[in-house]
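Novice: I would like to see how this sequence folds:
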Amino acid sequence: MYRDIVSVAKSIYRLTMVLPSVRLAYILGQLSGRMTKMMVDSMGFDGSAFCLRVESDLMCGVILSAVTTTSYLDMRRRGFAVNALRYEDLVARPVSMCRIILEFCHLPVSLVTLAIKAFDVDSQRNSVLAKSSIRHFKEPQLTPQTKAKLNELLQNYGMPLIGDSGIIEGTLTVQDTEKTVWATNGV
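Specialist: Next up is the predicted model:
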């Protein structure tokens, strides 16, 4: 599953406010690209292509998205049968998208109602990452200068640019099957 890259970047920034070790890495990343490389390495990816000094509060989230998305795209190009799901589609059309996910996973479509109920629960409740814990932190703003620098970074990694549709290859959508088309018409 992936999400609008600016939303990810803002969310990652807020997350750093409640996780001191991640905050420290974020700050040290402003001093040296080696810290960014080490963060990517610690996630199990090769960080050598991401040895960049953090130049804005949104950059770590953009790098995280670039790392995971380029890994996904690499798996597809190597022949793995993987597909993506866009968070914004899931939130906008939960019934249709849950139906697609269940069908894709060969699970009973009768689980749609139960799956939708999961949206009402904060998956991080009772932790420092709960929505109630991080929502009050001010989000960094996307200035035109920051957008230009982040788009340059995204372009270097072959990623969709900020302001584009942001849909990556292999994304499951409501239009993927004839069954789901009727689901969007009120069922």
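
Novice: show residues contacting the helix ranked longest in the chain.
Specialist: Criterion DSSP state H: the longest helix present in the chain is helix 59-77. Here helix 59-77 makes contact (CB atoms under 8 Å, 6 or more residues apart in numbering) with 2-3, 5, 8-13, 16, 26, 29, 36, 39-40, 43, 45, 50, 52, 54, 82, 84, 149-150, 153-154, 157-159, 168-170. The way it works is simple: take the backbone N, C-alpha and C, and place the C-beta from them, glycine included.

Novice: run through this protein and note the low-pLDDT ranges.
Specialist: Counting by pLDDT under 70, the ranges of the chain that qualify are 176-187.

Novice: show me where the protein has helices.
Specialist: 5-16, 20-29, 33-42, 59-77, 87-92, 94-104, 112-117, 131-134, 144-156, 178-183.

Novice: need those helices in CSV with distance to Asp164, can you?
Specialist: Shown next, in CSV, are the helices of the chain (distance: least, CB to CB, whole Å):
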stretch, distance to Asp164
helix 5-16, 10
helix 20-29, 26
helix 33-42, 24
helix 59-77, 13
helix 87-92, 13
helix 94-104, 21
helix 112-117, 29
helix 131-134, 27
helix 144-156, 9
helix 178-183, 24
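
Novice: what about Val40, how many neighbours?
Specialist: 21 (other CB atoms under 10 Å).

Novice: OK, contacts around Ala115?
Specialist: 94, 98, 101-102.

Novice: ok so, going back, between the helices of the chain, which one is nearest to Ser123?
Specialist: helix 131-134 (9.4 Å; CB to CB).

Novice: sort out which residues of that closest one are buried, please.
Specialist: For helix 131-134, the neighbour count (16 or more other CB atoms under 10 Å) marks 133-134 as buried.
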